[in-house]
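Chemist: Sequence and predicted model, in that order:
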Amino acid sequence: MPVLQDPGASMYKISPEDLAVLKQKFPLLCDFSDQFLRSNTIDELLRIESTSIRIRDAERSRETEDRLANNKANLLTKFYEVPAGKDNRCTNLHPARYLPGAACSAVRQYITAREVIGLTGPPSLGCYDMNAVGMGGFISAKGWLELGTCGSSKMKIALFSINNTAKSGKSAESEDGQVMKNVDEFVLAMRTLRAAAQFVCPWNYSFMALENFFLNKKFMEEELKHDNNPARTLCQFADFVFTENSNRWRDGSGFIVFGDLQGFWDAFVGARPQHKPYNTSASSGASKPPRTHSKELSAKKRKYPFNNICGKYNTNNCSKAAGTCYNFKGLQMQHICNWRDLSNPNSQPCGQQHTRVGNH
């Protein structure tokens, strides 16, 4: 009895020519027999190829992770020979400067640098190539000095503001020079400090930790929304962190890491007066002073037209005789009473031949 075949099966049968093209486009199909390939549709063959691609990508990812893990395991046994030589930080650079980056913790690098460098470190310089990173002229001379002095207690974020570089030495160090106008200026100063630290002390990641803390918190935009001068508050906190890190450098301990900065910020803000939004509601009227009191204040501050009555005479402080008293413009001053009734805006001076003090 003859076997009946599906008349539509021939529609999906792959010809030898098409099979050769598929093997050329998808090399994985060469591992299968022609009989197996011709027994499947093109969609099924494409799914086989896509599945194999995903498997290869997963294997390649595992190979990358395994390679990194093996490299880390070999660190304990692989040492680099460091030959002796000379280095002047400028024209003669020792090959040890180009050793692979340290893979230990950032705090350990900080503590090891304290043990190797000492308390103050090498002499400070201000000739680093900041032009190469687009920040030439952003840092004041005192900023380079304090950044190069390890553990300096005079580090200020304002020293890295471009608006303070053109000021003289005394004005740049004054209190007025330490205040920034807006948060954008503070953001640029933090970025400048981080770039400069990469030149001066690449092992010191404390500045990068502080900058990333501000970036993650959007420079405390929500916390300081009621602050009249948020840039000043950010500067004060940055200077506070610099001082704390300098103390830790002297003690030989690690810097304040990213995870601990939130606690320092909470303590810093908690010790400051809280800024509250201005309340314009009617309930705030209860805290206003009485109208009579405000009238008395306005009366005391009221300015009357100029007259040629000697004010020192009315307080018994004028040593000149009547008729010989003149002001700095050469106008003769009268020795009469200048008392006025403050409750009357149109009040005239008393004008009697006596002093105001002791008689009114």
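Modeler: Received, thanks.
Chemist: what stretches of this structure score poorly on pLDDT?
Modeler: 1-13, 166-179, 273-303 (pLDDT under 70).
Chemist: one more time with 50, if that's ok
Modeler: Scanning the chain for pLDDT under 50 picks out the ranges 1-10, 172, 174-177, 278, 280-286, 292.
Chemist: longest helix of it?
Modeler: helix 42-73 (DSSP state H).
Chemist: after it, next one along is what?
Modeler: Per DSSP states H and E, the first helix or strand lying C-terminal to helix 42-73 is helix 106-117.
Chemist: Convert the C-alpha atoms of that following helix to PDB, please.
Modeler: Extracted in PDB, the C-alpha atoms of helix 106-117 (Å, rounded to 0.1, in the frame of the first residue of the first chain):
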ATOM      1  CA  ALA A 106      42.200  53.200  48.300                       C
ATOM      2  CA  VAL A 107      42.500  53.600  52.000                       C
ATOM      3  CA  ARG A 108      45.500  51.200  52.100                       C
ATOM      4  CA  GLN A 109      47.200  53.300  49.400                       C
ATOM      5  CA  TYR A 110      46.600  56.400  51.400                       C
ATOM      6  CA  ILE A 111      48.100  54.900  54.600                       C
ATOM      7  CA  THR A 112      51.100  53.500  52.700                       C
ATOM      8  CA  ALA A 113      51.700  56.900  51.200                       C
ATOM      9  CA  ARG A 114      51.800  58.400  54.700                       C
ATOM     10  CA  GLU A 115      54.400  55.800  55.700                       C
ATOM     11  CA  VAL A 116      56.600  56.400  52.700                       C
ATOM     12  CA  ILE A 117      56.200  60.100  52.100                       C
END
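Chemist: Please parse the protein into its domains.
Modeler: 12-71, 106-270, 299-360 (automatic domain parsing).
Chemist: which stretch among those comes nearest P100?
Modeler: domain 12-71 (10.4 Å; CB to CB). Bear in mind the C-beta positions are built from the backbone N, C-alpha and C, glycine included.
Chemist: hmm, back to that, let me have the domains of the chain in a markdown table, adding distance to H94 as columns.
Modeler: Shown next, in a markdown table, are the domains of the chain (distance: least, CB to CB, whole Å):
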| stretch | distance to H94 |
| --- | --- |
| domain 12-71 | 25 |
| domain 106-270 | 14 |
| domain 299-360 | 73 |
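Chemist: Comparing those domains, which comes out most buried?
Modeler: Using mean count of other CB atoms under 10 Å, the stretch among these with the greatest mean number of neighbours is domain 106-270 (a mean of 17).
Chemist: was I right about F207 contacting A197?
Modeler: Yes. Counting by CB atoms under 8 Å, A197 is a contact partner of F207 at 4.6 Å.
Chemist: any common contacting residues for these two?
Modeler: Common neighbours of F207 and A197, using CB atoms under 8 Å, 6 or more residues apart in numbering, do not exist here.
Chemist: Once you drop chain neighbours, what's closest to C235?
Modeler: Among residues not flanking C235 along the chain, I157 sits closest, at 5.2 Å (CB to CB, 6 or more residues apart in numbering).
Chemist: And that neighbour, how close does it get to S140?
Modeler: I157 sits 12 Å away from S140, taking CB to CB, to the nearest Å as the criterion.
Chemist: Could you do C127 as well?
Modeler: 14 Å.
Chemist: P345 now?
Modeler: 55 Å.
Chemist: Also P305?
Modeler: 52 Å.
Chemist: Same question for C310.
Modeler: Distance from C310 to S140, by CB to CB: 53 Å.
Chemist: contacting residues for the closest residue to A102 other than its chain neighbours?
Modeler: Leaving aside its chain neighbours, A102 sits nearest to Q109 (5.5 Å; criterion: CB to CB, 6+ apart). Q109 makes contact with A102, W203, Y205 under the criterion CB under 8 Å, 6+ apart.
Chemist: Over to E221?
Modeler: V183, P230.
Chemist: Please state the backbone phi and psi of it?
Modeler: Phi and psi for E221, reported as degrees, to the nearest 10, are phi -60, psi -40.
Chemist: likewise the one 5 residues further on?
Modeler: Here the main-chain torsion angles of H226 (degrees, to the nearest 10) amount to phi -100, psi 10.
Chemist: how close does it get to M220?
Modeler: 12 Å.
Chemist: Kindly report the same for T192.
Modeler: From T192 to M220 the distance is 19 Å (CB to CB).
Chemist: And for K156?
Modeler: 19 Å.
Chemist: do the same with D260
Modeler: Counting by CB to CB, the gap from D260 to M220 is 17 Å.
Chemist: cool, G136 as well?
Modeler: 30 Å.
Chemist: which residue sits closest to Q352 in space, ignoring its chain neighbours?
Modeler: The nearest residue in space to Q352 (CB to CB, 6+ apart) is C337, at 4.8 Å.
Chemist: Please name the residues that touch that neighbour.
Modeler: I309, N314, P349, C350, G351, Q352, Q353, H354, T355, R356, N359, H360.
Chemist: how does it look with 10 Å?
Modeler: Applying CB atoms under 10 Å, 6 or more residues apart in numbering to C337 gives the contacts 309, 313-314, 349-357, 359-360.
Chemist: if I read this right, R47 contacts N40, doesn't it?
Modeler: Yes. R47 lies in contact with N40 (CB atoms under 10 Å); the separation is 9.3 Å.
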